[in-house]
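J.: Model the following, please.
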Amino acid sequence: MQKAYSELVASINQWDHEYFVLDNPTVSDAQYDQCVRELLAIEAEHPELITPESPSQRVGAKPIDEFQKIEHSVKMLSLANAFSLEETYHFFEKAAKELDKSPESLMLFSEPKLDGLAISIHYDHGLFSYAATRGDGQVGEDVSHNIKTIKSVPLKLATNHPPEKLDVRGEVFMPKAAFEKLNRVAQQNASKCFVNPRNAAAGTIRQMNPKIAAERDLQFIPYGIGDYHGDIEFKTHSQIMTYLTTLGFRKNPHCYDFSGSYDALVENYRVMEQARTKLPMEIDGIVYKINELAVQMALGFIARSPKWAIARKFPAQQVTTQLLAVDFQVGRTGVITPVARLAPVFVGGVTVSNATLHNMDEIDRLGLCIGDDIEIHRAGDVIPKVVRVILPGTHRKPIVMPERCPVCDAVVERTIGQAAFRCTGGLSCAAQAAEHIRHYASRKFMNITNLGSKLIALLYNKGIIKTIADIYTLNISDIAELEGHGEKSAQNVLDSIEASKSTKLGTLIGALGIPEVGEEGAKAIARQFKNYPAIVAASLDDLMHVPDIGPIMAKNVVDFFKDEKNRAIIADLIVAGVTWQDEPGEAVQEQILAGQTWVLTGTLSIPRNEAKALLERLGAKVAGSVSKKTSCVVAGQEAGSKLAKAESLGVKIIDEAMFVRMFVDDAQ
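T.: As a prediction, the model looks like this:
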């Protein structure tokens, strides 16, 4: 078992390296998923086999209560900026003069300046130890729980002779495609969009819950090392970068070494400016470094930056164009998003004819009308953004949200307390249908493993499936006749569909894609009402009594099941053979903690949401912070600031063992 487990860990880590670092996958998604499931099954049965480099450990951490401080053994410096060729050349001219050399005699190394968040990752004897932000350069914050989720960060260095200690310095960033997806989902859910990929990456790393980071496809590329205790004596920065690649890190594209002449800098900038728009990540400039480490040491540092490296920033990408029209697009959850149609304009290496307007509140803030001359901005933004009105148009036309859905003609309503307008067509709206089907079939919900996004798109575009119920009417010929599929793969899809027919009530409710109702909200609703008819019949007031269900979510549930078309599709699911397990009835527990406020902190052996649900069933309110009004604090392992505050305020504190004896044992 040990040998099989080790081989499985090595294979999955190698496949991750090929996919996330080399961009060269060698196995199918189905084979990869099967091996991951096999690994998790082994670890569940034999937890003693789990190693730090196991892929399961990337998202194994629990949410943290607060960020701990970490002191860098070697200071993390920032860079001086240059905004022109002359400034850049003058910087190295000054360095050469200090060395009594000519600028042309210096050997430079250039690399794209990734627009992300600087991170230091520490390895002990080749194993991931911790990761920290730059902070003030001397002290950063421990963000290990999130950095471990990034699959381009090796948990074990790819060498049989690792250094005793190694700090890898690099940039965590969000690729353009991942940023587009994140904001698309945010718009569909009427959530706040990120301004640019850098803000998205920084915001993700600042999350307490590593599961959020794991879902956002962050990547890491190194730009150097800090502390190093090893046997290799590096002479140049380019040697260090090559060494990091051999250890399993991703290589920064378009790195060059060349002489420090004026003409060489001109040519390098020209090449990088052309490459910029073709890169899968945002860059906001070029970093130039003197390549020889001995020369770096001789020059040293001033204040917070080195005298041997500088960042040449790209100019802002802003242009003026005219707003010709506004279209309204409908997302998976029915959110209607205004999209600006522009007079085509060339910016950042591409011709732009569309720009996001986010919502009607943003249009009102800008004072925008059709026909206006406007400024758009692409500095760091994948999707161009309208910045301001430059000149009001001669024949301005107000932008008005349509009263009916532009796709299905259902009524459009504004969500109470939010900026979002939604189509009320639900499952019957064609614009929402394909995304609804993807959502329904996803691993988190019905887990139809072989029915992926590409296949759904093919089936939907050909009119073979139009609703989630149509999934269960598919036959072999529907799939086998599609390009890239055969009878064997078609049968695998049908087997997955058949397996999905038996599920749980909470899973089904979550799979329906009701706006704002996620996995936990669906489970809470199922626990409260026990069966499907009770949920359909629930009033707004009934739903408001469900823990963690607010007025917006409650209204969305009522509206969803009020729609006859939605209920008809669910009836079709039942006819197709979809069944679910209702929630078992529970004995009514006396609310012995009514009026009390409890706080859970630290790591508990029982799931925190279960502990919270138990306390709430007993009448307690479960808060996220400690105050004088707190009745009791349950302190698990590694409890931090909340425990300290409780002690200082004299609040009652019990450990998990006492909590289990008091409530859990009695509840079972």
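J.: what's the burial count for the nearest residue to residue 26 once chain neighbours are set aside?
T.: Nearest non-adjacent residue to residue 26, counting by Cβ to Cβ, 6 or more residues apart in numbering: residue 18, 5.4 Å away. Yep, even glycine has a C-beta here, placed from its N, CA and C like the rest. Other residues within reach of residue 18, judged by other Cβ atoms under 10 Å, total 14.
J.: Might one say that residue 18 is in contact with residue 11?
T.: No. The criterion here is Cβ atoms under 8 Å, and residue 18 misses it with residue 11 at 10.6 Å.
J.: what's around the nearest residue to residue 443 once chain neighbours are set aside, how many residues?
T.: Excluding the flanking residues, the one nearest residue 443 by Cβ to Cβ, 6+ apart is residue 449, at 7.1 Å. Number of residues near residue 449 (other Cβ under 10 Å) recorded here: 21.
J.: looking at this, residue 449 is in a helix?
T.: No. According to DSSP: H, G, I helix; E, B strand; the rest coil, the state of residue 449 is coil, so it is not within a helix.
J.: How is the residue sitting furthest away from the middle of the chain assigned, secondary-structure-wise?
T.: Most distant residue from the mean C-alpha position of the chain: residue 100, 49.3 Å away (Cα atoms, centre = their mean). Classification of residue 100 using three-state DSSP returns coil.
J.: give me every residue that touches it.
T.: Contacts for residue 100 (Cβ atoms under 8 Å, 6 or more residues apart in numbering) come out as none.
J.: how much space between it and residue 295?
T.: 12 Å (Cβ to Cβ, to the nearest Å).
J.: Name the residues of the lengthiest helix in the chain that are buried.
T.: Identified as the longest helix of the chain according to DSSP state H is helix 29-45. Neighbour-count burial for helix 29-45 flags 32, 35, 39, 42, 43 (criterion: 16 or more other Cβ atoms under 10 Å).
J.: and what of stretch 569-581?
T.: Within stretch 569-581, the residues scored as buried using 16+ other Cβ under 10 Å are 569, 570, 572, 573, 578, 580.
J.: contacting residues for the closest residue to the fourth one other than its chain neighbours?
T.: Spatially, and ignoring its direct neighbours in sequence, residue 573 is nearest to residue 469 (5.2 Å; Cβ to Cβ, 6+ apart). Applying Cβ under 8 Å, 6+ apart, we find residue 469 in contact with 569, 570, 572, 573, 576.
J.: How about residue 403?
T.: Applying Cβ under 8 Å, 6+ apart, we find residue 403 in contact with 411, 412.
J.: Which pLDDT value goes with it?
T.: Note for residue 403: predicted pLDDT of 94.
J.: Kindly report the same for residue 219.
T.: 95.
J.: middle-most residue in the chain, spatially?
T.: Closest-to-mean residue, the chain, Cα atoms, centre = their mean: residue 216 / 1.8 Å.
J.: what's the nearest residue to residue 210 if we skip its chain neighbours?
T.: residue 145 (4.4 Å).
J.: That neighbour against residue 211, yeah?
T.: No. Applying Cβ under 8 Å, one finds residue 145 not in contact with residue 211, separated by 9.9 Å.
J.: neighbour count winner among those two?
T.: Neighbour count, other Cβ under 10 Å: between residue 145 and residue 211, residue 145 has more, with 23 against 14.
J.: give me the element the more buried one is part of.
T.: According to DSSP states H and E, residue 145 maps onto helix 144-147.
J.: how about the nearest residue to the residue nearest to the centre of the chain, chain neighbours excluded?
T.: Spatially, and ignoring its direct neighbours in sequence, residue 216 is nearest to residue 204 (5.0 Å; Cβ to Cβ, 6+ apart).
J.: Quick check, pLDDT for the one you found.
T.: The score at residue 204 is 89. That number is its pLDDT.
J.: Quick check: which element contains it?
T.: In this assignment (DSSP H and E), residue 204 forms part of helix 197-205.
J.: ok, and what's touching that helix?
T.: Outside helix 197-205, the residues within contact range by Cβ under 8 Å, 6+ apart are 115-117, 119, 133, 143, 146-147, 172-176, 178-179, 182-183, 194, 212-213, 216, 218, 281-282, 380, 382.
J.: Among the residues you listed, name the ones in helices.
T.: 146, 147, 176, 178, 179, 182, 183, 212, 213.
J.: residues making contact with stretch 435-452?
T.: Stretch 435-452 is contacted from outside by 29-30, 33, 188, 331-332, 427, 453, 456, 460, 465, 467-468, 471, 489, 492-493, 495-497, 499-500, 503, 507-508, 510-513, 519, using Cβ under 8 Å, 6+ apart.
J.: Among these, name the ones in strands.
T.: Residues of these located in strands (DSSP state E): residue 503.
J.: and residue 325, that one's in a helix?
T.: No. Counting by three-state DSSP, residue 325 is not part of a helix but strand.
J.: gap between it and residue 362?
T.: Distance from residue 325 to residue 362, by Cβ to Cβ: 17 Å.
J.: Tell me which of these two has more neighbours.
T.: It is residue 362, of residue 325 and residue 362, that has more neighbours when counted by other Cβ under 10 Å, with 16 against 12.
J.: The more buried one is in what secondary structure piece?
T.: Going by DSSP H and E, residue 362 is part of helix 360-366.
J.: pLDDT of that helix, averaged?
T.: 92.
J.: Any buried residues in that helix, and which?
T.: Buried residues in helix 360-366 (16+ other Cβ under 10 Å): 360, 362, 363, 366.
J.: Could you do stretch 389-403 as well?
T.: 389, 399.
J.: Stretch 259-279 too?
T.: Quick answer for stretch 259-279 (16+ other Cβ under 10 Å): 260, 261, 264, 265, 268, 269, 272, 276.
J.: Can you give me the separation between the nearest residue to the third one once chain neighbours are set aside and residue 271?
T.: Take residue 264 and drop its neighbours on the chain: the residue closest to it by Cβ to Cβ, 6+ apart is residue 258, 4.7 Å away. When distances are taken as Cβ to Cβ, residue 258 and residue 271 turn out to be 10 Å apart.
J.: Show me which of the buried residues of helix 360-366 is closest to residue 602.
T.: Taking Cβ to Cβ as the measure, residue 602 sits nearest to residue 362 out of the buried residues of helix 360-366, at 41.5 Å.
J.: As CSV, the buried residues of helix 360-366 with distance to residue 55 would be great.
T.: Below are the buried residues of helix 360-366 laid out as CSV (distance: Cβ to Cβ, whole Å):
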residue, distance to residue 55
360, 44
362, 41
363, 45
366, 46
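J.: which of the residues you listed lies closest to residue 421?
T.: Ranked by distance to residue 421 (Cβ to Cβ), the buried residues of helix 360-366 are led by residue 360 at 6.9 Å.
J.: Which residues are in contact with that closest one?
T.: 338, 399, 401, 419, 421.
J.: For residue 247, see how far away it is.
T.: Separation of residue 360 from residue 247 (Cβ to Cβ) stands at 50 Å.
J.: show me where the stretch 51-200 of the chain has helices.
T.: Ranges of helices within the stretch 51-200 of the chain are 85-98, 144-147, 176-188, 197-205, based on DSSP state H, counting those that start in this stretch.
J.: hmm, back to that, please check the contacts of stretch 435-452 and keep the buried ones.
T.: Among the contacts of stretch 435-452, those buried by neighbour count (16+ other Cβ under 10 Å) are 188, 331-332, 427, 456, 460, 465, 467-468, 471, 489, 492-493, 496-497, 500, 503, 507-508, 510-513.
J.: Next, the angle from the helix holding residue 204 to helix 176-188.
T.: Using axes from the mean of the first three to the mean of the last three Cα atoms, to 10 degrees, the direction of helix 197-205 lies 70 degrees away from that of helix 176-188.
J.: Not counting stretch 500-512 itself, show me its contacts.
T.: 427, 439-442, 444-448, 468, 472, 517-519, 521-523, 525-527, 530-532, 535, 560, 566, 570, 576-583.
J.: That one: end-to-end distance?
T.: With Cα to Cα, to the nearest Å applied, stretch 500-512 spans 14 Å between its terminal residues.
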